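Enquirer: the following comprises the amino acid sequence and a computationally predicted model.
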Amino acid sequence: MAEHRSLPPLLALAGHPVRWAILRELARSDLRVRELTAALDERQSLVSYHLRRLRSDGLVATRRSSFDGRDAYYRVDLDRCAELFAETGAALHPALRLSAPPAPPPTHRARVLFLCTGNSSRSQMAEGLLRRMAPGRAEAFSAGSRPKPVHPEAIRTMRERGIDIGDARSKHLSALAADRFDHVVSLCDRVREVCPEFPGRPDTAHWSVPDPAIEPAAPAAFARVADELTERIRFFLHVVALRPTTPESN
């Protein structure tokens, strides 16, 4: 009898209002504790407590900031959330086992800009992945605050996935500062601090992705970044499909 009264893990974790609010904020963008505290209008000690609960059960992960090592960014594991949602439905009735639907077709062709410092690895990889994963559904762009040549390992890693970015050229974000985008996604902690405001009030998000170029085992690091970006973009496509575009961005 006690077994039937125990809550499924997702309900036990996300059923608390503060934890649910944290998950909703992190589903949109990676954030620091002080940003979560401001967004939720709660005490930092309370937010930190609930973050520890979510981390201990694998729903939330943390990564030290590459811009300021005293900071840490938190992100939600959407794949883990999807698993737990499926288990929760099945716990009530087998007919309710949920599976993530494919991203709905968009009503427009969204313009998406990816930013990182050098525009040499992460943002170029994200641009190539979005073009491959959403042909005809999104226009992908990338830029950086301190452009440098596209990293050969980024080109090789993408080529292994059937995506050719060999002709890509890095560009400064100022070259696109007057353009209108539906979404602007920063991929490194440093460029987030200097990102300008783009016209048209695009939807902004931050993905705290490590720089693979500074890792000692470069091929493996680039592969990990490609895998992480693929996962993030897969979920991001649902956001792209649901956000209406502005006339200026068509």
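Expert: All right, it came through fine.
Enquirer: break the chain down into its domains, please.
Expert: Structural domains annotated on the chain: 2-96, 110-249, as defined by automatic domain parsing.
Enquirer: right, and those domains - which one's nearest Pro102?
Expert: When the domains of the chain are compared by C-beta to C-beta, domain 110-249 sits nearest Pro102, at 8.7 Å. C-beta: built from backbone N, CA, C; applies to glycine.
Enquirer: report the contact partners of the closest residue to Met133 other than its chain neighbours.
Expert: What sits nearest to Met133 in space, not counting adjacent residues and going by C-beta to C-beta, 6 or more residues apart in numbering, is Ile233, at 5.7 Å. Residues near Ile233 by C-beta atoms under 8 Å, 6 or more residues apart in numbering: 126, 129-130, 133.
Enquirer: avg pLDDT for the lengthiest helix in the chain?
Expert: For the chain, the longest helix by residue count, based on DSSP state H, is helix 218-242. The average of the pLDDT scores along helix 218-242 is 92.
Enquirer: which of the residues in that helix are buried?
Expert: Judged by neighbour count using 16 or more other C-beta atoms under 10 Å, the buried positions of helix 218-242 are 218, 221-226, 228-229, 232-237, 239-241.
Enquirer: so the closest residue to Glu231 other than its chain neighbours versus Ala61, what's the distance?
Expert: Leaving out its chain neighbours, the residue that sits closest to Glu231 by C-beta to C-beta, 6+ apart is Asp79, at 6.6 Å. When distance is defined by C-beta to C-beta, to the nearest Å, Asp79 is 11 Å away from Ala61.
Enquirer: if we can go back for a sec, out of the domains of the chain, nearest to Ala103?
Expert: domain 110-249 (3.9 Å).
Enquirer: now the strands for the protein?
Expert: 60-64, 72-76, 110-116, 138-144, 183-186, 203-206 (DSSP state E).
Enquirer: nearest to Ser170 among the ones you listed would be which one?
Expert: strand 138-144 (6.0 Å).
Enquirer: CSV for the contacts of Ile233, including distance to Asp41, pLDDT and neighbour count?
Expert: As requested, the contacts of Ile233 are exported to CSV (distance: C-beta to C-beta, whole Å; pLDDT from 0 to 100; neighbours: other C-beta atoms under 10 Å):
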residue, distance to Asp41, pLDDT, neighbour count
Ala126, 32, 98, 29
Leu129, 36, 97, 22
Leu130, 34, 97, 26
Met133, 36, 94, 18
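Enquirer: and of those, the nearest to Val194?
Expert: Ala126 (18.3 Å).
Enquirer: without its sequence neighbours, what residue ends up closest to the closest one?
Expert: Ala126 sits nearest to Phe114 (C-beta to C-beta, 6+ apart), 4.2 Å away.
Enquirer: and if you look at Gln44?
Expert: Spatial nearest neighbour of Gln44, chain neighbours left out: Thr37 (4.7 Å); criterion: C-beta to C-beta, 6+ apart.
Enquirer: residue contacts, that neighbour?
Expert: So Thr37 contacts 43-44, 47 (C-beta under 8 Å, 6+ apart).
Enquirer: can you check Val225 too?
Expert: Taking C-beta under 8 Å, 6+ apart, we find Val225 in contact with 121-122, 125, 157, 209-210, 212.
Enquirer: give me the neighbour count for Ser99.
Expert: Neighbour count for Ser99, taken as other C-beta atoms under 10 Å: 8.
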